[in-house]
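Student: dropping the sequence and predicted coords here.
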Amino acid sequence: MSDTSDIRTPAQIEADIKRRRETLAETLDEIGVRVHPKTIVGDAKAKVVAGFDNSLGRVYVGANRVISDVRGQLVTEDGAPRLERVVPVALVVVGLVGLLTVSSRRRKR
């Protein structure tokens, strides 16, 4: 004798086929959205922007660290300038600006 619980009616089979078709249609719609050129371009743009933001953040942190180190060399802990270090740096900067000005004037002639 066979078990009658495995026997399905034609209506049950049709309902199962209908559910599977609907699931398949949803899956195909999702695939269509994923492979659409606008979706692919949007995903690529998002990856580039995320990478750029990450790189920019690292640059910012590095620059901030350098600026803090330089400031620590030129200013005391209470915020007063260290003249023994600021004056030579200022003289070097003024000298470089002067050299650049003279060299740019020579090129224009």
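Tutor: On my side now, so go ahead.

Student: any idea how far Pro37 is from Ala44?
Tutor: Counting by Cβ to Cβ, to the nearest Å, the separation of Pro37 from Ala44 is 10 Å. Yep, even glycine has a C-beta here, placed from its N, CA and C like the rest.

Student: more neighbours, those two?
Tutor: Using other Cβ atoms under 10 Å, the more surrounded residue of Pro37 and Ala44 is Ala44, with 10 against 7.

Student: please tell me how far the more buried one sits from Ala25.
Tutor: Distance of Ala44 to Ala25, given as Cβ to Cβ: 28 Å.

Student: just Leu100 next, same as before
Tutor: Separation of Leu100 from Ala25 (Cβ to Cβ) stands at 69 Å.

Student: got the domain ranges for the protein?
Tutor: 9-74, 83-109 (automatic domain parsing).

Student: what helices or strands is the helix or strand containing Val87 leaning on?
Tutor: Take DSSP states H and E as the rule and Val87 turns out to sit in helix 83-108. Secondary-structure packing of helix 83-108 (3 or more Cβ pairs under 8 Å, 6 or more residues apart in numbering; DSSP states H and E): helix 37-74.

Student: helices or strands up against the helix it packs on?
Tutor: helix 83-108.

Student: now the angle from the helix holding Val87 to helix 37-74?
Tutor: Interaxial angle of helix 83-108 relative to helix 37-74 (axes from the mean of the first three to the mean of the last three Cα atoms, to 10 degrees): 120 degrees.

Student: which pLDDT value goes with the residue most central in space within the chain?
Tutor: The centre of the chain sits closest to Ala50, judged by Cα atoms, centre = their mean, with a distance of 2.1 Å. Looking at Ala50, its pLDDT is 91.
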